[in-house]
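Engineer: Compute the structure for the input listed below.
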Amino acid sequence: MTSQEIRQSFLDFFESKQHKIVPSAPMVIKDDPTLMFTNAGMNQFKNIILGNDPIKYSRIADSQKCLRVSGKHNDLEEVGHDTYHHTMFEMLGNWSFGDYFKKEAIEWAWEYLVDVLNLDTDRLYVTVFEGYAPEGLERDDEAAVIWEQFLPKSRIINGNKKDNFWEMGDTGPCGPCSEIHIDIRNNEERAKIDGLTLVNGSHPQVIEIWNNVFMQYNRKADGSLEGLPAKVIDTGMGFERLCMAIQGVQSNYDTDVFTPIIKEIAVICQTEYGKNEQTDIAMRVIADHIRTIAFSFTDGQFPSNAKAGYVIRRILRRAVRYGYTFLDQRSAFMYKLIVVLSQNMGKAYPELISQKTLIEKVIKEEEESFLRTLETGIKLLDKVMDEAKKEGSKEITGKVAFTLYDTFGFPLDLTELILRENNFTVNIEDFNTEMQKQKERARNAAATETGDWITVREGDSVFVGYDKTECETTILRYRKVVQKNENYYQIVLSETPFYGEMGGQVGDRGYITDLDSTTPIPVIDTKKENNLTVHITYQLPLNINAPIFANINLEDRKATECNHSATHLLHEALREVLGTHVEQKGSFVSPEALRFDFSHFQKLSKEEIRAVEKIANRKIRENHVLNEMRDTPIAHAQALGAMALFGEKYGESVRVIQFGTSTELCGGTHVQATGEIGMVRITSETSIAAGIRRIEAISAIGVEKLIDFQQDSLTDARDFFNNTPDLMSAIRKSIEENSDLKKQVDGYIHEKIMNLRDELIQEATLINDIKVISLETDLPADMIKTLAFQIRNIEKEKLFFVAGSVFDGKPSLTVLLSDDLVATGMNAVNIAREAAKEIQGCGGGQPYFASAGGKNADGVSKAIEKALESMK
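Structural biologist: Next up, the predicted model:
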């Protein structure tokens, strides 16, 4: 079976068991503060498991794109070095929310593997949870008894809490799990060593393929367990590992999931897979990483220097580094792999085909950028090695290695490789110390203590903010959060007009007031977490059981609505001016401004920006009334012209926002008619990645403030030029006159320097047959440097020049030597550095020329004397 057939067979099997087949959620998570990436199949169902979303389908199956490169689940370092770990992988899964439990999950798993896929039952082993006495957890005998229908007891293995008790995180749903392992070794190896002894032993051919999680507990913040009201089945089967077992190969990389990519790498790099271990590892790393990179781009996450974007950039650079070091690739090449990737996986994930050009462009630009960075880092390393040689050392400090790692993306092994080629070593202990310091800084910055939710009353939280800006409500639950030694409270209300940050729109601010005490408590932010609207405050109401009056900051909300609606109009205008290839790639909307990222391959001209503004402002003046359609079937919404964006997760029903011909899927808040926006103005247009442009804009009162500022600036400028009617001509004339005057001044300065040069050469003294010129002056340092080199052009041998100056209250020192003095061992840097102590400064430069700045202007004379002492 091909990988595509295997994937489809899984979905078909569970559809026959009355499971709803749902699409993969985006791999990049945008509205969950606890996760950057989908790292397990259950992520998209977390709100259902936590009870925050209603159960629409009690049985679900899917194939989910997952990424494990950070945090608790991090497989990055194993990738390429073994046969079965990956950054991006597919997780086949089936789910039950309060429907079936262990019996059906186990029986169907066996039926699919054995009856549908015809796996050899003699090669299968299972594990069950052995229990954990400290928490009063007993062995999962229920699962073991079910397995005994299919396997002898000897192949039902007890597993410890680490391997066989699954937990969502430090808190939340959890429960025992039962893993299915397969032994794909050849018969000769199986005869020598019983596979039973290799289960969970990290053997590359005795591997786990399917994990059945039986969620039946909830872990509280204090570590205790309580039963879940509705039990959940959560299963996950590694798609790539299953393909390895079915296709009869010994490595995931030998399946048809990866072989087309590896073959293309071999062609591009003019090498052969399977001939050299180092190049094989490099090819596997690149084949794995290119999938991660491409899928993250289709989900709207591009390389950046923060959060998820930084992780993706590091993965891309890791792949480039492997190509650079082991495949001798000195120019961009990975972008060429997107053709074969889209051919191989485009049927299951059509976004790879539709966004192929964009993915190629972004990867190529990132590759070229990092290759330049690599060259810079290598030059820096060469300089460090040269300096170490001069000091008689063959070791560089761990601090230097860490700077290369942290600033230039040099992994330690690349630094070690370059050093080895030059017979150098690095202080590993120092490097590890610096790395630990960075980890501690990051840990301290992110350290958060979150308490358990304390339930005040049962009930669902309802957002009423589309229709109301204030309402009477009650507290459902709250919890305390400590972050950076500050105490916060997170509060969930039964009804709330507060919009929780989501979809690029910031959360509302405002007040909640305990109606018993009538003291308003500021709501400093509102977040969306696990589909709950969470209000963040510094304190709790005095009476948490009393009715609460909640009201948002109306001025901020109105400004945000203007900017959000303006974003929709700008999106439509961009597509009209630039073409329908323009697609949203990100947005941010606040009361102050809006930001909109979109696909386009070149800088917008001034005329294009003006045309976009004109279209948007025309639609504002036309005062199109908001047509809001809630709970609209997504197919109907798309028929109306609304675009479903890749990287977004939509339900079967969506909210549609229309202003005239502008139609978008959107959950944000908006003006009632476009006339409320007043006007929109684009303030900047930049590139954030290859093929991705960003506009920033303001609307409503923001435009009013900008016009006021510009008008006042123009008035002030006219006043400066005596209210001239032609301001631009007056400014141009002033600039030209200033340029002419500058040329005259430069001529006078040059003449002064030449005269001073001649005087100093005539007044030079001979010390030990060396022409010594010293000067104490008030000239700026750049003029002294020019003077020094003018003298050096005439006096080419046996010249020692030193000058001290106090310009604008700041002391400086300059030392220059002729080349023949440098050849005798004299060093301008050493002289300047020692003499600069008198002005409380330090020096730097080159052996023939050095300068120093300082703080003590009174020490200039002594500094000159000290420099001259080096002549003795």
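Engineer: Pretty sure L92 sits in a strand.
Structural biologist: Yes - residue state for L92 (DSSP: H, G, I helix; E, B strand; the rest coil) corresponds to a strand.
Engineer: What's the separation between it and H203?
Structural biologist: Applying C-beta to C-beta, to the nearest Å, the value for L92 to H203 is 22 Å. From N, CA and C alone the C-beta is placed, and that goes for glycine too.
Engineer: Settle it for me: which of those two has more neighbours?
Structural biologist: L92 (25 against 17; other C-beta atoms under 10 Å).
Engineer: With T235 as the reference, measure out to that one.
Structural biologist: 8 Å.
Engineer: list residues touching both of these two?
Structural biologist: In terms of C-beta atoms under 8 Å, 6 or more residues apart in numbering, L92 and T235 are both contacted by the residues G41.
Engineer: ok, I338 - contacts?
Structural biologist: Here I338 is in contact with 290, 294, 352, 356, 359-360, 363 (C-beta under 8 Å, 6+ apart).
Engineer: ok, now which ones touch H581?
Structural biologist: 599-600.
Engineer: now A61, which residues is it bridged with?
Structural biologist: I21, N94 (DSSP bridges).
Engineer: what's the neighbour count on it?
Structural biologist: Neighbours around A61, by other C-beta under 10 Å: 22.
Engineer: For F13, see how far away it is.
Structural biologist: A61 is 8 Å from F13, by C-beta to C-beta.
Engineer: Where does the prediction get shaky in the stretch 251-400 of the chain?
Structural biologist: Applying pLDDT under 70 to the stretch 251-400 of the chain flags no residue at all.
Engineer: show me where it has strands.
Structural biologist: 395-396 (DSSP state E, counting those that start in this stretch).
Engineer: For it, just list every one of the helices.
Structural biologist: Listed in chain order, the helices found in the stretch 251-400 of the chain under DSSP state H, counting those that start in this stretch are 259-269, 277-298, 307-326, 338-345, 351-354, 356-390, 398-408.
Engineer: Turn those into CSV, columns for distance to T669.
Structural biologist: Output for the helices of the stretch 251-400 of the chain, formatted as CSV (distance: least, C-beta to C-beta, whole Å):
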stretch, distance to T669
helix 259-269, 44
helix 277-298, 28
helix 307-326, 25
helix 338-345, 38
helix 351-354, 29
helix 356-390, 30
helix 398-408, 41
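Engineer: and D778, which of these is closest to it?
Structural biologist: helix 356-390 (36.1 Å; C-beta to C-beta).
Engineer: so where's the protein uncertain?
Structural biologist: 31, 33, 70-75, 445-447, 646-647.
Engineer: Could you pull out the buried residues of the longest helix along it?
Structural biologist: For the chain, the longest helix by residue count, based on DSSP state H, is helix 727-763. Using 16 or more other C-beta atoms under 10 Å as the test for burial, helix 727-763 gives 730, 753, 756-757, 760.
Engineer: between these, which is closest to M502?
Structural biologist: Comparing the buried residues of helix 727-763 against M502 with C-beta to C-beta places A730 closest, at 51.1 Å.
Engineer: Kindly check the end-to-end length of stretch 156-166 for me.
Structural biologist: 18 Å (C-alpha to C-alpha, to the nearest Å).
Engineer: can you pull the buried residues of it?
Structural biologist: Per 16+ other C-beta under 10 Å, stretch 156-166 contains these buried residues: 156-157, 159, 163-166.
Engineer: One more: stretch 247-254?
Structural biologist: Buried-residue list, stretch 247-254, by 16+ other C-beta under 10 Å: 247, 249, 251-254.
Engineer: Need these in JSON lines (columns: distance to D382).
Structural biologist: Converted to JSON lines, those look like this (distance: C-beta to C-beta, whole Å):
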{"residue": "Q247", "distance to D382": "47"}
{"residue": "V249", "distance to D382": "44"}
{"residue": "S251", "distance to D382": "38"}
{"residue": "N252", "distance to D382": "39"}
{"residue": "Y253", "distance to D382": "35"}
{"residue": "D254", "distance to D382": "40"}
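Engineer: related to what we said a few turns ago, tell me the two of the buried residues of helix 727-763 that are most distant?
Structural biologist: A730 and L760 (44.2 Å).
Engineer: Helices of the stretch 51-200 of the chain, start to end?
Structural biologist: Under DSSP H, counting those that start in this stretch, the stretch 51-200 of the chain gives helices at 102-110, 141-147, 161-164, 187-192.
Engineer: Need those helices in CSV (columns: distance to Y57).
Structural biologist: Shown next, in CSV, are those (distance: least, C-beta to C-beta, whole Å):
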stretch, distance to Y57
helix 102-110, 16
helix 141-147, 24
helix 161-164, 28
helix 187-192, 42
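Engineer: Could you pull out the helices in the stretch 701-850 of the chain for me?
Structural biologist: Counting by DSSP H, counting those that start in this stretch, the stretch 701-850 of the chain has helices at residues 701-720, 727-763, 781-794, 819-823, 828-835.
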